[in-house]
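Trainee: predicted model and sequence follow; I will ask about them next.
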Amino acid sequence: MKLIFIILLLLSGVSAAIAQDKSDLQKIVDTEHAFAVYAAEYDTKSAFLEFLTADAVLFQPDKVNGREYWNGRAQSKGLLSWAPNYADVSTNGIMGYTTGNWEYRPKGKDDTPVAFGEFITVWLRQPDGKYKFVVDIGIGHDKPAKYSNNWVTSQDKSNDPNTKNSSAADTASGFYEIASGQNLNAAYKAYAADDIRLYRENKMPAIGKKDALKLASSEKGSVRLAKKSVSLGAANLAYLTSTYTRTDGDKVIEKGNYMQVWKFKSGKWVIVLDIFKAIPPSDK
């Protein structure tokens, strides 16, 4: 399967990158927390407009320009609260991502939360050194056992800097070939990291390859992935977004968008995060 990628390679010095890794990771986590605090102190609309880039994309549930979307929305008394529970950053500190829990209170901070889920935010370092986000996507699910403010990062400390500038987009082509010729589960078996995080609407996140394969295998029908993808990479970290169609026999049962985060580990690219976000029929 031939894929068309828009690829931006953001590479910098390896030695400086390794030295900056820890502080850059903390900066991204701190920025995510500041983003949530801003929403609590002002409102959600103002917070998103403050922390997104001009070309940032949201999935609401379909793909939209973030600035256009929030400029078109009225202010709301509702409070969207969230906190990162996992974060990672590229070895050069240019790109990173956070994911964690969220909850929504329709009447503000003193209200009882009525909706829950998980978010994924992709961050890009700006010329002034600060981070702003370029992608925001998430899922909803039932109320979790608890809301957490704690966060962790990858236990893999190798931080392979990808000195040969290998492309995640090229490796992703292999993933799509297997998904198209066999099935999605076979593709995950070949390319998923041991610590992959898999997200599906109305499901709790599956963390780890075993649980991810179990969740993916429980899904109905077969999936066809679009040939066109948008990819952005920085040293040993990259993400891509595209669309998918799920069918059961000859019947289309679901359409939507997906995003994958790929990481270069031990000399090869693997999927560390995968999310499918369906578009309700009424929104198509």
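Mentor: Received the coordinates, thanks. Residues are numbered from 1 along each chain as shown.
Trainee: how about the strands in the protein?
Mentor: For the chain, the strands defined by DSSP state E cover 4-6, 52-59, 63-65, 79-89, 95-105, 115-125, 131-141, 192-200, 206-207, 222-225, 228-234, 237-248, 251-265, 268-278.
Trainee: ok, now how distant is Ala36 from Glu177?
Mentor: From Ala36 across to Glu177, the span is 40 Å (C-beta to C-beta, to the nearest Å). (C-beta placed from N, C-alpha, C; glycine too.)
Trainee: more neighbours, these two?
Mentor: Ala36 (22 against 15; other C-beta atoms under 10 Å).
Trainee: quick one: contacts for Gln60?
Mentor: Taking C-beta atoms under 8 Å, 6 or more residues apart in numbering, we find Gln60 in contact with Tyr69.
Trainee: rerun at 10 Å
Mentor: By C-beta atoms under 10 Å, 6 or more residues apart in numbering, the contact set of Gln60 is Gly66, Tyr69, Trp70, Arg73, Asp136, Ile137, Gly138, Lys277, Ile279, Asp283.
Trainee: ok, now Ser154?
Mentor: For Ser154, the contact set (C-beta under 10 Å, 6+ apart) comprises Leu25, Tyr86, Ala87, Asp88, Val89, Ala193, Asp195, Lys263, Lys265, Val272.
Trainee: closest one of those to Ala54?
Mentor: Relative to Ala54, the closest of the contacts of Ser154 is Val89; by C-beta to C-beta it sits at 22.1 Å.
Trainee: wait, doesn't the closest one sit right on Tyr97?
Mentor: Yes: in terms of C-beta atoms under 10 Å, Val89 counts as a neighbour of Tyr97; the distance is 8.1 Å.
Trainee: by mean pLDDT, flag the weakest helix or strand of this protein.
Mentor: Across the helices and strands of the chain, mean pLDDT, DSSP states H and E gives its lowest value to strand 4-6, namely a mean of 35.
Trainee: any idea how far Ser180 is from Val252?
Mentor: 17 Å.
Trainee: same drill for these two, tell me which one is more crowded.
Mentor: More neighbours surround Ser180 than the other of Val252 and Ser180, with 16 against 13 (other C-beta under 10 Å).
Trainee: contacting residues for the more buried one?
Mentor: Contacts of Ser180 (C-beta under 10 Å, 6+ apart): Met1, Ala187, Ser222, Val223, Arg224, Leu225, Lys227.
Trainee: same thing with Ser218?
Mentor: Neighbours of Ser218 in contact, by C-beta under 10 Å, 6+ apart: Arg200, Lys203, Ala206.
Trainee: got it, and Phe264?
Mentor: Contacts of Phe264 by C-beta under 10 Å, 6+ apart are 90-91, 158-168, 171, 233, 235-238, 270.
Trainee: next, count neighbours for the nearest residue to it once chain neighbours are set aside.
Mentor: Leaving aside its sequence neighbours, Phe264 sits nearest to Asn236 (C-beta to C-beta, 6 or more residues apart in numbering; 3.9 Å). Neighbours of Asn236 under the rule other C-beta under 10 Å: 27.
Trainee: give me the phi and psi angles of Asn236.
Mentor: Backbone geometry at Asn236, expressed as degrees, to the nearest 10, gives phi -100, psi 20.
Trainee: without its sequence neighbours, what residue ends up closest to Phe119?
Mentor: Excluding the flanking residues, the one nearest Phe119 by C-beta to C-beta, 6+ apart is Gly138, at 3.9 Å.
Trainee: okay but that neighbour is in contact with Val122, surely?
Mentor: No: taking contacts as C-beta under 10 Å, Gly138 lies outside contact range of Val122: 12.0 Å.
Trainee: where do the contact lists of the two overlap?
Mentor: Common neighbours of Gly138 and Val122 (C-beta under 10 Å, 6+ apart) are Thr99.
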